[in-house]
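S.K.: Quick one: sequence plus predicted model below, questions after.
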Amino acid sequence: MFPSLAKKIGFPLDALIDKYEAENKITPAEKSIAKNYAVYCLDNSHDLWIAPFVHIKQVLAFQMWAKEKHKVVKSQGGRFLKWCVSQEIFRVLPNAQKFIPLAHAFLQDFLKDYDFNVRTRTRETYQNVLVQYEKFSQQQHGTLVFNANCVKDFKNYLIEKGTSPFTINNYISCLKTLSNWAIISAEKLQISTENIQELTHIGKIKSEKIDHSQYYKDSLTEDETFLLLDSITDIFDKTLFATMLLGGLRTIEVRRLLVKDIDLKEQKMWLMRKGKNIKKPYPMTQMLASYLDVFLEKYHTLKPTELLFGVTYSYIWKMFRHYTQTIGLWEENMPLRLSPHSCRHTAIQWVKNKLGIEDAQQFAGHASITSTMPYAQKTIQEQFADKIKNL
């Protein structure tokens with residue numbers, strides 16, 4: 001049953017956890033615990049279990065990981081480990097390399113030298129953009145060419161591929177950052193004055209115009225909001241969607257909420273907004289506080305540093321679709337105007353109607369009120385229509 005030391009069957013981290021979830025009926029919290037243990041083993045170069053010790057209490061890696069854990073966490077972690085033993089999965093491996101290595105030293109030096117505020121996802125995004133740009137330049141010129149004309153050609157290539165304006169602007173922003181870094185590092189990189197002038201032209205390339213109406217999501221009315229919440233009997237899912245519908249959180253924000261981020265006494269939550277690196281406090285409504293109070297009372301074994309929900313984006317999508325179908329809001333083959341992001345639209349429009357656009361901006365965490373306007377646009381249009389009818 002047990003693989004030899006030479007065999008040591010292993011799975012990449014995400015593939016292992018997905019396999020565990022697919023073959024077992026587990027909660028999001030159990031999935032989070034399993035992943036935390038697997039990450040611990042990976043970070044500390046531990047095998048998942050140590051042959052020939054097959055009894056859970058004799059497994060060194062598990063003993064060390066579970067030392068300060070609550071008994072519920074130990075039990076759920078043990079269940080994951082028993083499953084690994086039954087599957088003869090001996091170790092957890094790093095996830096498969098997402099991007100091919102960059103060939104050009106200029107791009108490699110940029111990624112090593114430039115400060116991305118230590119955000120892994122941001123660095124991966126930049127690497128992906130640079131890989132694609134390098135491949136494009138190699139196909140067009142046989143080597144890496146970095147000037148305004150080549151960047152413009154790359155932009156047109158993305159447009160012809162049907163890439164969204166949002167993505168194109170992100171790509172161009174990355175290449176502008178690269179050009180700024182090259183200018184600042186000109187002496188170290190031995191870049192001539194003529195080439196510096198050429199690099200400045202990259203910063204002047206215009207972004208694509210975005211028609212925000214194409215990306216607008218339908219929101220729920222107040223009646224639909226509470227109909228949806230009342231229809232959800234599971235306290236976990238009810239609180240998850242109450243946090244999104246009443247708190248106006250993006251999916252990424254609700255997914256990375258920690259237990260300690262919820263302060264019911266002060267009636268606020270600490271959020272790391274999209275694109276930010278620090279958490280800031282935001283007030284919450286009494287209604288949302290009451291949902292979270294009931295949730296935390298039931299899940300009182302959660303530690304302050306644990307994820308509040310610990311769910312995937314796909315889980316949120318799956319359950320959102322399920323519950324909106326249940327109350328008749330979702331229909332098959334309908335235009336994709338209703339999504340989990342509709343919860344954020346719903347919350348921001350509700351605050352805008354009750355308190356005004358300036359307060360809605362603060363509630364949404366937008367730096368500029370122009371970012372809040374698309375969320376409030378539907379209400380503004382409806383109010384305008386009513387006014388015109390009464391003229």
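M.R.: Noted; the coordinates are in hand. If you're wondering where the values come from, they're calculated on a predicted model, not measured in any experiment.
S.K.: helices or strands up against the helix or strand containing residue 187?
M.R.: Using DSSP states H and E, residue 187 falls within helix 186-189. For helix 186-189, there is no helix or strand it packs on, judged by 3 or more CB pairs under 8 Å, 6 or more residues apart in numbering; DSSP states H and E. C-beta here means a position set from N, CA and C on the backbone, and glycine is covered the same way.
S.K.: how about the helices in the stretch 201-350 of the chain?
M.R.: Ranges of helices in the stretch 201-350 of the chain, per DSSP state H, counting those that start in this stretch, are 222-231, 235-247, 251-255, 286-298, 313-326, 341-355.
S.K.: With mean pLDDT added, can I get those helices in TSV?
M.R.: Shown next, in TSV, are the helices of the stretch 201-350 of the chain (pLDDT from 0 to 100):
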stretch	mean pLDDT
helix 222-231	94
helix 235-247	95
helix 251-255	90
helix 286-298	95
helix 313-326	90
helix 341-355	89
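S.K.: Determine which stretch of those is the most buried.
M.R.: helix 235-247 (a mean of 22; mean count of other CB atoms under 10 Å).
S.K.: buried set for the helix or strand harbouring residue 363?
M.R.: For residue 363, the element it lies in under DSSP H and E is helix 357-364. Buried residues in helix 357-364, counted by 16 or more other CB atoms under 10 Å: 357, 360, 361, 363, 364.
S.K.: starting at the chain centroid, how far to it?
M.R.: 23 Å (CA atoms, centre = their mean, to the nearest Å).
S.K.: I'd like the mean pLDDT over it, please.
M.R.: Computed over helix 357-364, the mean pLDDT rounds to 87.
S.K.: Tell me which residues are up against it.
M.R.: With CB atoms under 8 Å, 6 or more residues apart in numbering as the test, helix 357-364 has contacts from 248, 282, 344, 347-349, 351-352, 355, 368-369, 371-373, 375-376.
S.K.: report the angle between the axes of that helix and helix 235-247?
M.R.: 140 degrees (axes from the mean of the first three to the mean of the last three CA atoms, to 10 degrees).
S.K.: now the angle between helix 341-355 and helix 357-364, please.
M.R.: Going by the same axes, to 10 degrees, helix 357-364 makes 140 degrees with helix 341-355.
S.K.: Can you show me the helices along the stretch 1-150 of the chain?
M.R.: 13-23, 28-43, 60-65, 71-86, 105-113, 120-141, 148-161.
S.K.: Comparing those helices, which comes out most buried?
M.R.: Of the helices of the stretch 1-150 of the chain, helix 28-43 is the most buried (mean count of other CB under 10 Å), at a mean of 20.
S.K.: Which elements pack onto that helix?
M.R.: With 3+ CB pairs under 8 Å, 6+ apart as the test, helix 28-43 has helix 13-23, helix 60-65, helix 71-86, strand 91-93 packed against it.
S.K.: Relative to residue 161, which of those is closest?
M.R.: Nearest of the helices and strands packed on helix 28-43 to residue 161, taken as CB to CB: helix 13-23 at 27.2 Å.
S.K.: Give me the distance from the closest one to the chain's centre.
M.R.: The answer for helix 13-23 is 19 Å, by CA atoms, centre = their mean.
S.K.: what angle do that helix and helix 28-43 make?
M.R.: In terms of direction (the same axes, to 10 degrees), helix 13-23 departs from helix 28-43 by 150 degrees.
S.K.: And the contacts of helix 13-23?
M.R.: Residues from elsewhere that reach helix 13-23, judged by CB under 8 Å, 6+ apart: 11, 26, 31, 34-35, 38-39, 42, 80, 83, 87, 89, 92-95.
S.K.: Relative to residue 154, which of those residues is nearest.
M.R.: residue 95 (27.9 Å).
S.K.: Just the pLDDT at the closest one, thanks.
M.R.: For residue 95, pLDDT reads 79.
S.K.: What count of nearby residues applies to it?
M.R.: 12 (other CB atoms under 10 Å).
S.K.: Residue 313: which of the helices of the stretch 1-150 of the chain is closest?
M.R.: The nearest among the helices of the stretch 1-150 of the chain, by CB to CB, is helix 28-43 at 12.0 Å.
S.K.: any idea of the mean pLDDT for the closest one?
M.R.: 87.
S.K.: Check stretch 63-80 too.
M.R.: On average, stretch 63-80 scores 86.
S.K.: residues making contact with it?
M.R.: By CB under 8 Å, 6+ apart, the residues outside stretch 63-80 that reach it are 20, 29-30, 33-34, 36-38, 40-41, 44, 46, 56-57, 62, 301, 303.
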